[in-house]
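Trainee: for reference, the sequence and a predicted model appear below.
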Amino acid sequence: MVEKKNPHEGHRERMKQRYLSQGLDGFAEHEVLEMLLFYSVPRADTNELAHALLDRFSDLHGVLSAEPRELCQVSGVKMHTAILFRLVSDVYRRSCLEKTKKQVSYRSMKAVIAYLRDLFIGVRNERVYMLLFDNGMNLQDTVLLAEGAVNSTAITYRTVAEQALFHRSSGVILAHNHPGGIPVPSGSDLEVTRNVDNVLSAVGVRLIEHVVIADHSYELIIHGRSAGHKASAPLSFSASTCGAEPDLAASLPADFFDCCPVLSYGIC
């Protein structure tokens, strides 16, 4: 009797050769996941598991953004697979940040938004960051102020002042995310903005903007301009803030706040 050939024999090798010859062009989402699963599931058929993951998390971005415990709820997914997916997402985020950090001067909010896009990509919980700039709008540092519930009690305002003084900063941009939501500022967001503005004003530093980032859009709290609409509750600031640091104000071009309208995880 002639032994039947296994149609799946050599499948992994063929997939690898296909990838080496043409990259991911032409690969369906489930095939991309199949390729990744080769390295955490050494023997089983990964096609079925890839489809199960897409059924649960909708798309590739959903799979790579999922928490490890959520991934492990899918039958056949073990912790080393969940760690692999998290690692891929975090390595990509870090490489993007390293690239954008090399930019010397941020001469437009569009450039800042591009940096924030990379800063928050793949971040699954709420975070608030403080971006510190000198009077030439060169980025001095990015400081994580809070993680989890971002509200006025979560922010250590002493840290805000200390960081600004330590770096001898001229301006600060606050940024926080609304994971899986919309970038409409909450009452708590407005309170944080006012409090940080007051703290920075006291040490002679300008709060340039507070940006709220969602999955594919953003909102500017102070200037109230984002993807074609104004902030729901624009803030008014003390004369000392709006007029402080003349060197920094002079360094901001007139079109600094002419932003790109939509966040994209490709090219902004």
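Mentor: Arrived safely, thanks for sending.
Trainee: show me the strands in the stretch 51-200 of the chain, by range?
Mentor: Ranges of strands in the stretch 51-200 of the chain, per DSSP state E, counting those that start in this stretch, are 127-133, 139-147, 171-177.
Trainee: for those, which one sits closest to residue 53?
Mentor: Closest of the strands of the stretch 51-200 of the chain to residue 53 is strand 171-177, at 24.1 Å (criterion: Cβ to Cβ). From N, CA and C alone the C-beta is placed, and that goes for glycine too.
Trainee: where's the closest one relative to the chain centroid, distance-wise?
Mentor: Centroid separation for strand 171-177 versus its chain: 13 Å, with Cα atoms, centre = their mean, to the nearest Å.
Trainee: pLDDT of it, averaged?
Mentor: Average pLDDT, strand 171-177: 95.
Trainee: kindly export it (C-alpha atoms) in CSV.
Mentor: The C-alpha trace of strand 171-177 is given here as CSV (Å, rounded to 0.1, in the frame of the first residue of the first chain):
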residue,chain,number,x,y,z
GLY,A,171,8.3,74.5,28.6
VAL,A,172,6.4,71.3,29.3
ILE,A,173,3.8,69.3,27.4
LEU,A,174,1.6,66.9,29.3
ALA,A,175,0.2,63.8,27.6
HIS,A,176,-2.0,61.0,28.7
ASN,A,177,-4.0,58.3,27.0
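Trainee: picking up where we left off before, dump the strands of the stretch 51-200 of the chain to JSON lines, plus distance to residue 52 and mean neighbour count.
Mentor: Formatted as JSON lines, the strands of the stretch 51-200 of the chain follow (distance: least, Cβ to Cβ, whole Å; neighbours: other Cβ atoms under 10 Å):
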{"stretch": "strand 127-133", "distance to residue 52": "30", "mean neighbour count": "22"}
{"stretch": "strand 139-147", "distance to residue 52": "31", "mean neighbour count": "16"}
{"stretch": "strand 171-177", "distance to residue 52": "29", "mean neighbour count": "25"}
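Trainee: got the residue ranges for the helices in the protein?
Mentor: 11-22, 29-37, 46-57, 60-65, 68-71, 79-101, 109-120, 157-166, 187-202, 239-243, 246-251 (DSSP state H).
Trainee: worst mean pLDDT among the ones you listed?
Mentor: When I compare these, helix 239-243 is least confident, with a mean of 36.
Trainee: please identify the most buried of the helices of the chain.
Mentor: By mean neighbour count, with neighbours taken as mean count of other Cβ atoms under 10 Å, helix 109-120 ranks first of the helices of the chain at a mean of 21.
Trainee: other SSEs contacting that helix?
Mentor: The helices and strands touching helix 109-120, judged by 3 or more Cβ pairs under 8 Å, 6 or more residues apart in numbering; DSSP states H and E, are helix 79-101, strand 127-133, strand 171-177, strand 206-213, strand 218-220.
Trainee: rebuild these as JSON lines, extending it with distance to residue 107.
Mentor: Compiled in JSON lines, the helices and strands packed on helix 109-120 are given as follows (distance: least, Cβ to Cβ, whole Å):
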{"stretch": "helix 79-101", "distance to residue 107": "14"}
{"stretch": "strand 127-133", "distance to residue 107": "11"}
{"stretch": "strand 171-177", "distance to residue 107": "13"}
{"stretch": "strand 206-213", "distance to residue 107": "13"}
{"stretch": "strand 218-220", "distance to residue 107": "17"}
